[in-house]
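Visitor: Please work out how this folds:
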Amino acid sequence: MNLNDNEQLKLAISRELKSLPELTAPASLASRVMAALERRANLPWHHRSWATWQPALQMASLAAMLALFGGLCFAGWELSRTETIMSAMHRAGQLFSGLNSIGSLFNILAGTAVLVAKKLGSTFIIACLVAAGLGYAVFMGLGTFYFRLAFAKR
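Guide: Numbers count the residues shown, from 1 in each chain. Got it, this is the predicted structure:
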């Protein structure tokens, strides 16, 4: 499609859209919209969004939220220093020490894989990856063939 065809298509679409009649709203739409706006305007202040509250109420609620957040942070800090929490943290550390061993194992395996890759050479590794890819493609093709054969209409 060239540029001229695009322009002709745009003009044809524009002509068709301009020839359509104007859409009219249902007669009851205006009254329903006005009733919804009236209901929203008559909501009590605590049911409206925070941005529509009076500035004094916004400041009071902001101060209360900041005080609550500060209190929670202080309580968390104080609780983290108690004997019960310290012993629970120690037990959790013992439980997760096994993950440290697993991480060390993966680190050793990765180092071994890098060493093997250096010794084998990139040509051998690429040949193995190509063979694996071809094997995957063959098995996917055979699987698709047998699936279609099994569910073919007879």
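Visitor: Name the spans of the protein whose pLDDT lies under the cut-off.
Guide: For the chain, residues meeting the criterion pLDDT under 70 lie at 1-3.
Visitor: Closest to the centroid, which residue in it?
Guide: Centroid-nearest residue in the chain, with C-alpha atoms, centre = their mean: S49, separated by 26.6 Å.
Visitor: That one and M140: what is the separation?
Guide: S49 sits at a distance of 54 Å from M140 (criterion: C-beta to C-beta, to the nearest Å). Heads up, the C-betas are built off the backbone N, CA and C, glycines and all.
Visitor: backbone phi and psi for A27, please?
Guide: phi -60, psi -30 (degrees, to the nearest 10).
Visitor: OK, contacts around it?
Guide: By C-beta atoms under 8 Å, 6 or more residues apart in numbering, the contact list for A27 is empty.
Visitor: So that it lines up with my notes, have the first residue be 457 from now on.
Guide: OK, 457 is where the count begins now, so the last one is A483.
Visitor: how does this structure divide into domains?
Guide: 508-551, 555-610 (automatic domain parsing).
Visitor: I'd like the ones you listed written out as CSV, with mean neighbour count and distance to P477 added.
Guide: Formatted as CSV, those follow (neighbours: other C-beta atoms under 10 Å; distance: least, C-beta to C-beta, whole Å):
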stretch, mean neighbour count, distance to P477
domain 508-551, 10, 40
domain 555-610, 10, 50
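Visitor: what's the closest of those to Q464?
Guide: Nearest to Q464, of all these, is domain 555-610, at 44.6 Å by C-beta to C-beta.
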